[in-house]
Every structure is written in C-alpha cells, then in structure tokens.
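Visitor: structure for the following, please:
(chains A and B)
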Amino acid sequence: RKEVEQDPGPFNVPEGATVAFNCTYSNSASQSFFWYRQDCRKEPKLLMSVYSSGNEDGRFTAQLNRASQYISLLIRDSKLSDSATYLCVVNMKTGGFKTIFGAGTRLFVKA
Amino acid sequence: EAQVTQNPRYLITVTGKKLTVTCSQNMNHEYMSWYRQDPGLGLRQIYYSMNVEVTDKGDVPEGYKVSRKEKRNFPLILESPSPNQTSLYFCASSPGQGNPLSYEQYFGPGTRLTVT
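Guide: Next up, the predicted model:
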C-alpha cells in the first residue's frame, strides 16, 4: 500500500463547479500536510498548507482529519486556470525527515 | 529574485557515463532535497540534506550520490547512470530551522534526464 494515496482522476468539470479531492496517508508519524499544484510537468508550487482546524484561502479550502488519516481540498467556483495536477504532500519523521508525495490528481476545467 | 536553479535543464547521456546535476538556492535555506518524478508514481525523494555536511537517504537513493559542502549548493551525482534513471528530477529547498517538516518547499525548474 502506498504511504500517500490520491484518486488520479482525471476530474473533468465545467467552469463554476465545486470539486473536492481526497488524499489518505498511512503513517501515523506524519506531522505536516500540504497541497501543491503542478502544471504540465513544471515544478510543483505550494497551494496551501493543511491544518487540523481547517484553513481557507479564497476559493480553496483544506481540511485534515488525523483520526481517519486523510486530507481534503475543496475548490469552489472552478476557473479554467485551475486546470492542473494537485499533489498531496505529507512530511513525516521516521528515523529521518521524509517527504512523501501522492501521485497527483489531474483536474480539467472546461468552459 | 529568490529561486532554486538547476543545471542542466535537459540532458541525454549514455549508460555508465558519470554525470552531475547541479542545484543552487539563494534563500539561505538549510534544508535541500532531490526528487525524481515518473509517470504514475509521483515525486519520490532521493536524498535530502538538513544542513552543510548533513545528508540522508530518501525513498529511492540507489544509484545516486549527493554532497553538501556549501549551504547554497546540493549537487546530485550519478556515478554510472542506467536507463531506469531516465526521469524528471527536481531539487527543492526550505528554511528548515527548528522543525524542517513545518515548512513548504521551493522547487527548481526540473532537469529532464534521458539515459540510453
């Protein structure tokens, strides 16, 4: 079983739609959580950190459920420019400091 | 401009010919890391460095070496490249002070390596 799992998609949604991505992690030593965005094999860029209390940044909302070991990302009012791959990232301390990426969820927003 | 740079951006080489991919950051970050990205597998961590002269293995270190002699540079060395090391490689850095797990990572533009 992969340490961080995401639905690969693709998700095809119309502009204005609300779309949700989930990510599960298996290691309870996981300490911090992030969503990154990656465009067309370019470098990943931070979208938002994820906190236990949940956090919101404009149209984006991230949630963390430590008991169930999953994190989520909600995108409201999707824009064409939201089309990208969304990467779930987990940092953990297991002997050393490790960063584990999910394989990514592909989103296509269409006019 | 704060950035992470990698060179070369594209490289085609032959099996067994030693190569080095350079990575440099100008943000005075303590933590640096190398990843490879393959279709369907996402990014996998190769090596990371907590600070100068401190390096540790990630999930897929076999066939790679790194060094951290200066804070700003973290080169990735392939002593004897093989075709299964054909991949897209990213270098990243983060502030790292205190708990390095707390910080976001800043990525370089990537190096596309093909080993024939």
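
Visitor: contacts for the lengthiest strand in chain B?
Guide: Determined from DSSP state E, the single longest strand within chain B is strand B:42-51. Outside of strand B:42-51, the residues within contact range by C-beta atoms under 8 Å, 6 or more residues apart in numbering or on different chains are A:44, A:87, A:96-104, B:30-38, B:55-61, B:64, B:66, B:68, B:71, B:74, B:76, B:89-90, B:96, B:100. C-betas here are computed from N, CA, C, even on glycine.

Visitor: what residues does chain A have near chain B?
Guide: Within reach of chain B by C-beta under 8 Å from any C-beta of the partner chain, chain A has these residues: A:8, A:31-32, A:34, A:41-46, A:49, A:87, A:91-93, A:96-104.

Visitor: rewinding a little: separate out the buried members of the contacts of strand B:42-51.
Guide: Judged by neighbour count, with 16 or more other C-beta atoms under 10 Å in any protein chain shown as the criterion, the buried members of the contacts of strand B:42-51 are A:44, A:87, A:97-104, B:30-37, B:55-58, B:60-61, B:64, B:66, B:68, B:71, B:74, B:76, B:89-90, B:96, B:100.

Visitor: need the pLDDT of residue B:44.
Guide: The predicted structure scores residue B:44 at 96 on the pLDDT scale.

Visitor: show me what contacts the nearest residue to residue A:45 once chain neighbours are set aside?
Guide: Closest residue to residue A:45 apart from its sequence neighbours, by C-beta to C-beta, 6 or more residues apart in numbering or on different chains: residue A:37 at 5.6 Å. Taking C-beta under 8 Å, 6+ apart as the criterion, residue A:37 is in contact with A:44-47, A:84-87.

Visitor: what does residue A:8 give?
Guide: For residue A:8, the set of contacting residues under the criterion of C-beta under 8 Å, 6+ apart consists of A:103-106, B:40.

Visitor: ok, and for the longest strand of chain B, which residues are buried?
Guide: Of the residues in strand B:42-51, those buried by neighbour count under the rule 16+ other C-beta under 10 Å are B:42-50.
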